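S.K.: Give me the fold of what follows.
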Amino acid sequence: MASPNRIGYPLSPRRPPRALVLRDLSPEEASAAIDWSGWYLPDDAERHGKAERSGIVRLLLSVLAQLARERGWVDWYAGADHAFAWVRAEPLVRVLPDLYVLEHRPLPPLPRQWQTWLPGHRPPRFALEIVAGDWRRAYEVAPAKYWQLGCPELLLFDPEAAAARTPLAEERVPLQLYRRDQDGTYLRVHAGADPLWIEALDAHVVVLKDGPHPTLRVARTSRATDLVPAEEEALRAEGEARAQEQRARVAEQRARAAAEARVRELEARVRDLEARVARR
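M.R.: The predicted structure is shown next:
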C-alpha cells in the first residue's frame, strides 16, 4: 500500500525496477549454449482452430480500418499472418501473431516475414494471439516470446474460456493483456472478461458472444455498446443514412408541393368569391 504524503493523500504506488538476472549457475550451465529449438516455428507448423481464428481476425481488421479512418491515422498498418523473427542466427525463432499493428506503414511488397535485425523491420506495436490447441503453452510461452521480440502490448484471447460451455481450468480467462513497462518488465495488467483499454489503439477491446462463437470488437469507450463498426457496417449505415435523407427530402418536397397547391386552390376560391361579389 502506498504511504500517505504530508497532506494525508496516498502517493502513487511505486516499485523498484526489475531485470532478469541469473546467479549461482554451475560452470556447465554458465557455458552452455542456448537451445532455441523449443521456440522454433517451422513453416508447416500446425495451427489449431484456423477457421474460427480467421473469422475473428477478418472482422477485427475491418474494424481497425474503420477506426483508422475515424481517427485520421495515415502512417499506420494492421496486418495478419506475418511471422516476426528477432534472433539473427536462429531465423526459426519467431512468432506468428494472428493480428499485429505497426506504428508505420511499410512500403510494398511486404516481406515474407519480419526480421527485426533488418533496416525498417521493427517489432509490432501491438499483437493479438488467439489461443487454440495447447492453451498452457500459449499462456506460458507466448508472453516470453513477445517480451524478447520487444512488442509493447500483447493480447491473448482465449475463445474457449470466453464461451465457458464446459468447466475449464481455473487459470483460463477470456482476455490477458501484457504491457512492457519502462524497465522492460512484461507485466500482465489484465486477466478476465471485462473490456480493456489497448494503448496502441487508444480504444477498448471487448468480448462479444452474440453468435455461435465469441469474437472480439473494438469500442470507443469501456461500454460495449459504443462499438466501432466494421467497414461493411459503416458503409451500410452510411447508405441507410443517405437513403433516409433522400426519403426525407422527397417527403419535404411533396409536402411543400401539396401546401403550394392548397394555397393556389384557396387563392382561386378567393378570386372566384371576389368576382361574384363584384357582379352583384
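
S.K.: which regions of this protein sit below the pLDDT cut-off?
M.R.: For the chain, the stretches with pLDDT under 70 are 1-11, 233-251.

S.K.: now the helices for it?
M.R.: Remark: helices of the chain, listed N- to C-terminal, are 27-31, 50-71, 135-149, 159-163, 231-279; assignment by DSSP state H.

S.K.: right, and the ones you listed - which one's nearest Y186?
M.R.: helix 135-149 (4.1 Å; CB to CB). In short, each C-beta sits where N, CA and C put it, glycine included.

S.K.: Would you indicate which residues of that closest one are buried?
M.R.: 135, 138-139, 142-143, 145-147, 149 (16 or more other CB atoms under 10 Å).

S.K.: chain center to stretch 259-266, what's the gap?
M.R.: Relative to the chain's own centre, stretch 259-266 is displaced by 58 Å; criterion: CA atoms, centre = their mean, to the nearest Å.

S.K.: Take the buried residues of helix 135-149 and write them to a markdown table, including distance to D226.
M.R.: Shown next, in a markdown table, are the buried residues of helix 135-149 (distance: CB to CB, whole Å):
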| residue | distance to D226 |
| --- | --- |
| W135 | 31 |
| A138 | 30 |
| Y139 | 30 |
| A142 | 29 |
| P143 | 29 |
| K145 | 33 |
| Y146 | 29 |
| W147 | 32 |
| L149 | 32 |
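
S.K.: in stretch 113-122, what counts as buried?
M.R.: Going by neighbour count (16+ other CB under 10 Å), the buried part of stretch 113-122 is 114-115, 121-122.

S.K.: Which of those residues fall within strands?
M.R.: Secondary structure defined by DSSP state E assigns 114-115 of those to strands.

S.K.: now, among the buried residues of stretch 113-122, which is nearest to E170?
M.R.: For those, the minimum distance to E170 (CB to CB) is 35.7 Å, reached by W114.

S.K.: Okay, and the beta partners of the residue lying closest to V101 once chain neighbours are set aside?
M.R.: Here the nearest residue to V101 in space, its sequence neighbours aside, is F126; by CB to CB, 6 or more residues apart in numbering that works out to 4.2 Å. Here F126 shows beta-bridge partners V101, E153, assigned using DSSP bridges.

S.K.: shouldn't F126 be in contact with Y178?
M.R.: No - taking contacts as CB atoms under 8 Å, F126 lies outside contact range of Y178: 10.8 Å.

S.K.: Could you pull out the residues contacting both of those two?
M.R.: 153-155 (CB atoms under 8 Å, 6 or more residues apart in numbering).

S.K.: Of these - the most surrounded one?
M.R.: With neighbours taken as other CB atoms under 10 Å, the top of the shared contacts of F126 and Y178 is L154, carrying 25 neighbours.
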